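>>> sequence first, then the predicted structure:
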Amino acid sequence: MYRAHHLSLLKSTVAAACISAISCFAYAETSDAATPQTLLHDKVQQLISQKVEDGEFASVIIGVSDGQRHQFAGFSAKGQPVPDKNSIYEIGSLTKTMTALILAKQIQQGRIQAAQPVAELAPDCMPTASAGLSISWLDLATHTSGLPRLPENLQPKNMANPYADYTQKDLNSYIQTIKNLPGKGKYAYSNLGYGMLGCALATVSGKPFEQMIREEISKPFGMPSTGIQLSTEMQKRLQGGHDASGKPVSGWDFDAMAAAGAVRSDAADMLRYLDTLMAAARTDQASAEKLVQTAQRDTSTPKTRIAFGWHLSNMYGRDMVWHNGMTGGYASFAAFSADGKLGVIVLTNTARSPEALGIAALFPQQLPEHKAVHLSAEALQQFSGRYALTPAFIITVTPGNNSLTIQASGQPAFRAAVIAEDSFEIPEVGAVITFQRDADGRISQLTLQQNGQRIPGKKLAD
């Protein structure tokens, strides 16, 4: 259940594009037999096949929808069970989009005002009034509350399951220590904020978060395999998790922070979920589903805004609505076009971002054709330095083994592979970084290309 990463730095039967080292399947579901056009391009299936063969993912299930038809493809290492649309995964922070939708329903029903201080309806879930702090429902939903990413008293007994023993008592205790909100009004991704939002929604509804998910999301949307506690039958469909190195790991359990990342689901359910949101996008009728995808505030990333939980970006000239998620052994990506005509869900049981796979499925024509390139350590050293895309958004570049390590302000580091003499690719986030030289041949700036955007950044003096 990590932050929404964007280096953004800144988700009839057809033949699967498989290679011999992996197992896979692909098939389509359609309500119109006269429209056989594939939704999942062969090049995308080949890309996923290669990623699985290379050991980047233990398994991947991807689903694409145009609002009427669904197409799925599953991939796993050779000899391992191949996931299908009913295979269950932890979806991590995609849970937040469901939490936000529950809030949006309360707003549409007139029970809550978006700008209303949460403490008016759920005082136990907010800092004491004497602290002089005011956090609105919209602040929590858009990560602009000023709250930190995690509560400072989160001290797990088991680091492999970090949220399991963080109780409501622990959360309430920490909330009462909050005396200031230094970043209020500015976007800063906060798992804590969504944990508090879940607490507040439970207070208003009088129902635990798990029951709200079942009654407000799973049942009305026809998502029988979506929830927090799994039945015995669902446990049999749960894919075993792996960390980023491929080592098997246990799943994550949640208590007080459930609203930030506790949900498990399968690709079939998640496409039904996206279909509902896409249908809302295709109309002008007011609804909770429409509200959650309506831009509310700016983020810390250029040209990316946030709605209720969902992020909004322009990718290759097309407005997209998206979110991702990650737990200790799973990762997810979901996106759909703002016009409601195309959506994708990607689930994997490896803690590596599948965002690039989802974006490739949405924009297969943008898949690059790269050949292997090798640069010496001396050649790589010339790219080292700090580059400013904005005064507050700095990319730090460090040489590696025929690669660069790229780290943007406040974000995790990514490995960028060489694709040309002055160009590097970050597959996890679908980004390409190209360096430019001055008249003397020295590196003077870089350009970040991602989601159809090109953002320059000048190299800062040492």
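Now that the structure is in, tell me what you want to look at.
>>> measure stretch 68-84 end to end?
Start and end residues of stretch 68-84 are separated by 19 Å (C-alpha to C-alpha, to the nearest Å).
>>> quick one: buried residues of that stretch?
Residues 69-77, 82-84 are the ones in stretch 68-84 that count as buried (16 or more other C-beta atoms under 10 Å). (Glycine included, C-beta is placed from N, CA and C.)
>>> with those in mind, which one is nearest to residue 458?
Distance to residue 458, by C-beta to C-beta, is smallest for residue 75 among these, at 40.9 Å.
>>> okay, and that closest one sits in which element?
Counting by DSSP states H and E, the element that carries residue 75 is strand 70-77.
>>> for that strand, packing partners?
Under the contact criterion of 3 or more C-beta pairs under 8 Å, 6 or more residues apart in numbering; DSSP states H and E, the helices and strands touching strand 70-77 comprise strand 22-29, helix 42-53, strand 59-65, helix 267-281.
>>> what lines up beside the third one in the sheet?
The one in question is strand 59-65. Strand pairing for strand 59-65, determined by DSSP bridges: strand 70-77 (antiparallel), strand 343-348 (antiparallel).
>>> max pairwise distance over the buried residues of stretch 68-84: which two?
In the buried residues of stretch 68-84, two members sit farther apart than any others by C-beta to C-beta. They are 69 and 77, at 28.9 Å.
>>> any low-confidence regions in the stretch 351-462 of the chain?
For the stretch 351-462 of the chain, residues meeting the criterion pLDDT under 70 lie at 368-372, 451-452.
>>> where do the strands of the stretch 151-300 of the chain begin and end?
In order along the chain, the stretch 151-300 of the chain carries the following strands (DSSP state E, counting those that start in this stretch): 241-242, 248-249, 264-266, 297-298.
>>> list the contacts of residue 47.
For residue 47, the set of contacting residues under the criterion of C-beta atoms under 8 Å, 6 or more residues apart in numbering consists of 357, 360, 367.
>>> just the helices in the protein please.
42-53, 95-108, 137-141, 168-175, 191-205, 209-212, 219-221, 232-237, 258-261, 267-281, 288-291, 355-362, 377-381 (DSSP state H).
>>> mind listing what's buried in the second one?
So that's helix 95-108. Neighbour-count burial for helix 95-108, counted by 16+ other C-beta under 10 Å, picks out 95-107.
>>> now do the fifth one
Applying a neighbour-count criterion of 16+ other C-beta under 10 Å, the buried positions in helix 191-205 are 191-205.
>>> how about the last one?
Applying a neighbour-count criterion of 16+ other C-beta under 10 Å, the buried positions in helix 377-381 are residue 380.
>>> other SSEs contacting that helix?
Here helix 377-381 is seen to pack against strand 393-399 when contacts are counted using 3+ C-beta pairs under 8 Å, 6+ apart.
>>> quick one on the thing from earlier: dump the strands paired with strand 59-65 to CSV, plus mean pLDDT and distance to residue 39.
Formatted as CSV, these follow (pLDDT from 0 to 100; distance: least, C-beta to C-beta, whole Å):
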stretch, mean pLDDT, distance to residue 39
strand 70-77, 94, 4
strand 343-348, 98, 9
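>>> chain center to the strand holding residue 75, what's the gap?
Relative to the mean C-alpha coordinate of its chain, strand 70-77 is positioned 19 Å out (C-alpha atoms, centre = their mean, to the nearest Å).
>>> cool, and stretch 242-259?
With C-alpha atoms, centre = their mean, you get 15 Å for stretch 242-259.
>>> now swap in stretch 421-439 and tell me
Mean C-alpha position of stretch 421-439 versus that of the full chain (C-alpha atoms, centre = their mean) differs by 23 Å.
>>> now do the same end-to-end measure for that stretch.
End-to-end for stretch 421-439, by C-alpha to C-alpha: 17 Å.
>>> kindly report the same for stretch 149-161.
Stretch 149-161 has an end-to-end distance of 18 Å (criterion: C-alpha to C-alpha).
>>> ok, now stretch 81-89?
The first and final residues of stretch 81-89 sit 14 Å from each other (C-alpha to C-alpha).
>>> re the thing from before, out of the strands of the stretch 151-300 of the chain, flag the one nearest residue 391.
That would be, of the strands of the stretch 151-300 of the chain and by C-beta to C-beta, strand 297-298, which comes in at 15.1 Å.
>>> point out where the stretch 101-250 of the chain drops to low pLDDT.
Residue ranges of the stretch 101-250 of the chain with pLDDT under 70: 129-131.
>>> 50 instead, please
Low-confidence segments of the stretch 101-250 of the chain (pLDDT under 50): none present.
>>> residue 249 contacts residue 160, correct?
Yes - contact between residue 249 and residue 160 holds when scored by C-beta atoms under 8 Å: they sit 6.1 Å apart.
>>> what residues are shared contacts of those two?
Contact criterion C-beta under 8 Å, 6+ apart; residues shared by residue 249 and residue 160: residue 328.
>>> more neighbours, these two?
Neighbour tally, residue 249 and residue 160, criterion other C-beta atoms under 10 Å: the higher count belongs to residue 249, 21 against 14.
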